[in-house]
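With the input below, show me the fold.
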Amino acid sequence: MELDLETFRRLRRLAPVLDDILNAREVEYPDQAVNLADLAQLCSQLFDAYHCMHPDETARARLEALASQ
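Numbers count the residues shown, from 1 in each chain. Model prediction:
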């Protein structure tokens, strides 16, 4: 799945926020929480687009994730 330039830029801008939060295991600054909400929204949009293009692969990945729990 190719990303349009604007989506790619948003993802690149938000990736360090996710990295900071994962390393700290918490939200340390208010702007991180706002950016994390933006990142979650973007990931949701990307998942929806991928799911529309590849529903079988998405379903298979979900089943595999459930089986590994």
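
quick one: pLDDT of the spatially most central residue of the chain?
Centroid-nearest residue in the chain, with Cα atoms, centre = their mean: Cys43, separated by 3.2 Å. At Cys43 the predicted local confidence, pLDDT, stands at 88.

Low-confidence regions, this structure specifically.
Within the chain, the stretches falling below the threshold (pLDDT under 70) are 1.

which residues of it fall in helices?
When assigned using DSSP state H, the helices of the chain occupy the ranges 5-24, 30-53, 55-67.

Send me the second one as CSV with only the CA atoms.
In CSV, the C-alpha atoms belonging to helix 30-53 read as follows (Å, rounded to 0.1, in the frame of the first residue of the first chain):
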residue,chain,number,x,y,z
PRO,A,30,0.5,17.1,27.5
ASP,A,31,1.5,17.6,23.8
GLN,A,32,2.5,13.9,23.7
ALA,A,33,-1.1,13.0,24.5
VAL,A,34,-2.5,15.3,21.8
ASN,A,35,0.0,13.9,19.3
LEU,A,36,-0.7,10.4,20.4
ALA,A,37,-4.4,11.0,19.6
ASP,A,38,-3.4,12.2,16.2
LEU,A,39,-1.2,9.1,15.7
ALA,A,40,-4.1,6.8,16.7
GLN,A,41,-6.4,8.5,14.3
LEU,A,42,-3.9,8.2,11.4
CYS,A,43,-3.2,4.6,12.2
SER,A,44,-7.0,3.9,12.2
GLN,A,45,-7.4,5.6,8.8
LEU,A,46,-4.5,3.6,7.4
PHE,A,47,-5.9,0.3,8.8
ASP,A,48,-9.3,1.0,7.3
ALA,A,49,-7.7,1.7,3.9
TYR,A,50,-5.6,-1.4,4.1
HIS,A,51,-8.6,-3.5,5.2
CYS,A,52,-10.6,-2.3,2.2
MET,A,53,-7.8,-3.3,-0.1
